[in-house]
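**Student:** Can you look at this prediction? I've put the sequence above it.
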Amino acid sequence: MSEPTLYAQAKEAFVEGGANETFVTLDTNRIYLQRLMDDFQKPFKLVVIHGEPGVGKSMLLRKFEKDMESDDLVVYYKPFFSIDDFKKRLAKILFGDESIDPLERIERYEGPQKTIVLDEAQLYEREFLEYIRLLADSTKVRFILSMHQNSNEKLRAKEHFETRIFDSIKVERPSKQEFWTYIQKRLLAKNVAELAHAFDRKKSDAIYTYCEGNFRRANQFLYTLFDILDYFDEHQPSLLTKGPIPNDFIEMTAIHLGYIDA
């Protein structure tokens, strides 16, 4: 079996999601991570992480979970289908019995305080969020909710939630410099320094514009770009040159993904 090409290796640098996803340390997300870790050491009922889709909230949570290494921290990256599913999972964690309602028994819970992290919390209905609020009021369980920006505003508009939110961490869209650093570090993490050096700021800025600084879109864009380059490397290598990645391939990717009308 032949070794993967440089482009194939680069493509794998931008596969999104999963426990092994690379956390790229930037000035801003280092601050978010430290703030979250500081909050974890303090008493709270609710912490909210919010921002536009694709700015790196889930990536931040994976790094937080890995660094904390706490048995009392439980992170759910995919939303529960129903409140009953959530009740069963929480009852198993707290009491070892899925058949009971955690809220009905929560005052009898004598174990260590659990911190439950719910990603994509904007998908939960009002009944679900009310249930979380009541559990948080018990002080036996506390919650970190990660959600889209507009959902956070709606949540904070509810007075009974606003008074329980200990911290609200807004994850901002990266700057163009951070976006370029993100690309560089993900490529270097896959040991394709040659391609990292070939990726200059001008090309990074062009992709930033197409993707509006969105990491999720950027991962898709770069995966597709290196997939196209890998194809040409195998079938028409004469069109590729050493050095900077040709602009034609970036435009080809933008057309393929619908950022440019062909």
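**Tutor:** Happy to help now that I have it.
**Student:** Report the contact partners of L94.
**Tutor:** Neighbouring residues of L94 by CB atoms under 8 Å, 6 or more residues apart in numbering: 102, 105-106, 109, 111, 114, 140-141. Yep, even glycine has a C-beta here, placed from its N, CA and C like the rest.
**Student:** of those, buried ones?
**Tutor:** Using 16 or more other CB atoms under 10 Å as the burial test, the contacts of L94 include 102, 106, 114, 140-141 as buried.
**Student:** closest to E194 among these?
**Tutor:** Using CB to CB, K114 comes nearest to E194 of the buried ones among the contacts of L94, at 46.4 Å.
**Student:** Now for the closest one: which residues touch it?
**Tutor:** Counting by CB under 8 Å, 6+ apart, K114 has contacts 72-74, 93-94, 140-142.
**Student:** now do D119
**Tutor:** Counting by CB under 8 Å, 6+ apart, D119 touches 57-58, 61, 75-79, 146.
**Student:** Wait, N247 touches K203, no?
**Tutor:** Yes - under the contact definition of CB atoms under 8 Å, N247 touches K203, with a separation of 7.2 Å.
**Student:** Which one's more surrounded, those two?
**Tutor:** For N247 and K203, the more surrounded residue by other CB atoms under 10 Å is K203, and the numbers stand at 19 against 11.
**Student:** Mind listing what's buried along the host helix or strand of that one?
**Tutor:** If you go by DSSP states H and E, K203 is part of helix 201-211. Buried residues in helix 201-211, counted by 16+ other CB under 10 Å: 203-204, 207-208, 210-211.
**Student:** quick one: which of these is nearest Q236?
**Tutor:** Taking the buried residues of helix 201-211 together and measuring to Q236 by CB to CB, the closest member is K203, at 20.6 Å.
**Student:** just to revisit the earlier point, contact partners of the helix holding K203?
**Tutor:** With CB under 8 Å, 6+ apart as the contact definition, helix 201-211 has outside contacts at 176, 179-180, 183, 217-218, 221-222, 244-245, 247, 250, 254, 257, 259-260.
**Student:** Quick check: ChimeraX command selecting the buried ones in those residues.
**Tutor:** To isolate in ChimeraX the members of the contacts of helix 201-211 that are buried, counting by 16+ other CB under 10 Å, one can use:
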select :179,180,183,217,218,221,222,245,250,254,259
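**Student:** For the contacts of helix 201-211, work out which two are farthest apart.
**Tutor:** Taking CB to CB as the measure, the contacts of helix 201-211 have their most distant pair in R217 and P244, spaced 22.2 Å apart.
**Student:** With just CA atoms, put the particular helix or strand that has E130 in it into CSV.
**Tutor:** Counting by DSSP H and E, the element that carries E130 is helix 126-137. C-alpha atoms of helix 126-137 as CSV (Å, rounded to 0.1, in the frame of the first residue of the first chain):
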residue,chain,number,x,y,z
ARG,A,126,-38.5,25.5,26.6
GLU,A,127,-39.5,22.5,28.7
PHE,A,128,-36.0,21.1,28.5
LEU,A,129,-34.4,24.3,29.6
GLU,A,130,-36.8,24.7,32.4
TYR,A,131,-35.9,21.3,33.7
ILE,A,132,-32.2,22.2,33.6
ARG,A,133,-32.9,25.4,35.5
LEU,A,134,-34.7,23.5,38.3
LEU,A,135,-31.8,21.0,38.5
ALA,A,136,-29.3,23.8,38.7
ASP,A,137,-31.2,25.4,41.5
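**Student:** Can you identify the element that follows that helix toward the C-terminus?
**Tutor:** Per DSSP H and E, the helix or strand that comes after helix 126-137 is strand 141-148.
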